[in-house]
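Chemist: sharing a model that was predicted from the sequence below.
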Amino acid sequence: MTRRIMAGFGLALLATCIGSADAKPEYAAKEKKDCSFCHINPSGGGERNSRGQYYAKNKYSLVGLPIAFKSAWKLDAPAGTRRVALGDVMGDKKPRVLVLDTTDEAAVMNIAEGKLVKETGIKLGPKAGSFYVGNFEKGKPAVIVVPGAVHYRSGDTFASKPAPDLSSITGTVRFEDGEECVFVFDSMNEPAVFGVDTTKTNPLTVGRGMVLPDQGAGIYASVVARLTPDMVAMLGFPEQVQQAGIFGLWDPRSDGSLFAWAPWTDSSGTKLVFLDPAVVMGGGELKPTWQSEKLAGKILDATIGKDPKDGKTPGILLLMATGEGGKARTLEFLALD
């Protein structure tokens, strides 16, 4: 059955390229990419984009292809927003934007007519500021986890279960095989990793062990972590990254190439940078693999997910303090290019 599926997928890719004189459909089938991945023309053929130029120069191989991102959209967020997340919490296969302001209620938003529109709200309790969203149960809607509780979609509403053993949360980890967990790291011990099973009275399950960031290639699909500045420094990040208190690891193309990402703030402003995890932890020269243009404001939060506008394009959603005195809030989605 698997061979049939792969063969069908390859034929579908070939079909998108046939009829274009300059297209190479065998390359599309080989790399399991649409022809538009390497060509400016969406239907394939003709002038190559930067990826196509790299592919030709690199002996028709995508190995080592530099990553790049582009700003897909910017939207105003509610005043006072302090946290943001992405996830299919409604169970309809469409990612939503979750925002948390100064209250303990996370607002579930969709995007319509160029603005955020609230669908519903979820009371998360006094530790709402530490909430995380993820596909912690395969085949089910995304789950919201806060210290002490798990919130999940049940029928047409949301239910919750206590999780007293989870007193704090450092971040989320998604492994290459799709398993996603929350973890707790205190800098003194190995991270404690937990899965979720909402069918059980105690919804926490024991997750698999985590390796160091520089050993994570081929193991991690993504990590999002929030740590104190001294703990960020302990991991090897420079002063320009430490104050943000948020960083992550990501294999954006799912090809085994793992990058570290973090906000970078210096005298010129704030950018998002991608770095080699081995260089970060090994103390080498921190030359970004990719960096954004100067951003509109200070990054307050960031998360990885699919673009809620199309439900397909992977990227990073940034929450920034903007405007006079940093009182306004702006969301910007940097999509994988």
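Modeler: Happy to help now that I have it.
Chemist: switch to C-alpha atoms for all contacts and neighbour counts from now on
Modeler: OK.
Chemist: how near is residue 109 to residue 217?
Modeler: Going from residue 109 to residue 217 by C-alpha to C-alpha, to the nearest Å gives 33 Å.
Chemist: quick one: low-confidence parts of the protein?
Modeler: Within the chain, the set of residues satisfying pLDDT under 70 comprises 1-23, 32.
Chemist: if we go to 80?
Modeler: 1-34, 36-37, 42-45, 50-52, 54-55, 57-59, 61-65, 283-285 (pLDDT under 80).
Chemist: now do the domain split for it, please.
Modeler: The record's domain parsing of the chain by automatic domain parsing lists 2-57, 69-336.
Chemist: JSON lines please, covering those domains and showing mean neighbour count and distance to residue 63.
Modeler: Shown next, in JSON lines, are the domains of the chain (neighbours: other C-alpha atoms under 10 Å; distance: least, C-alpha to C-alpha, whole Å):
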{"stretch": "domain 2-57", "mean neighbour count": "17", "distance to residue 63": "9"}
{"stretch": "domain 69-336", "mean neighbour count": "18", "distance to residue 63": "9"}
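Chemist: the spatially most central residue of the chain - nearest residue in space that isn't next to it in sequence?
Modeler: Centroid check for the chain by C-alpha atoms, centre = their mean gives residue 304 as the closest residue, at 1.3 Å. Once flanking residues are discounted, residue 304 sits nearest to residue 316: 4.6 Å by C-alpha to C-alpha, 6 or more residues apart in numbering.
Chemist: now do the contacts for that neighbour.
Modeler: For residue 316, the contact set (C-alpha atoms under 8 Å, 6 or more residues apart in numbering) comprises 302-305, 333-335.
Chemist: so how far is residue 297 from it?
Modeler: Using C-alpha to C-alpha, residue 316 is found at 16 Å from residue 297.
Chemist: against residue 233, how distant is residue 204?
Modeler: Distance from residue 204 to residue 233, by C-alpha to C-alpha: 30 Å.
Chemist: nope, residue 304 is what I was after
Modeler: Distance from residue 304 to residue 233, by C-alpha to C-alpha: 22 Å.
Chemist: my guess is residue 226 meets residue 241, correct?
Modeler: No - between residue 226 and residue 241 there is no contact under C-alpha atoms under 8 Å: 11.9 Å.
Chemist: helices of the stretch 201-337 of the chain, residue ranges please.
Modeler: Along the stretch 201-337 of the chain, the stretches classed as helices by DSSP state H, counting those that start in this stretch are 229-234, 239-242, 277-282.
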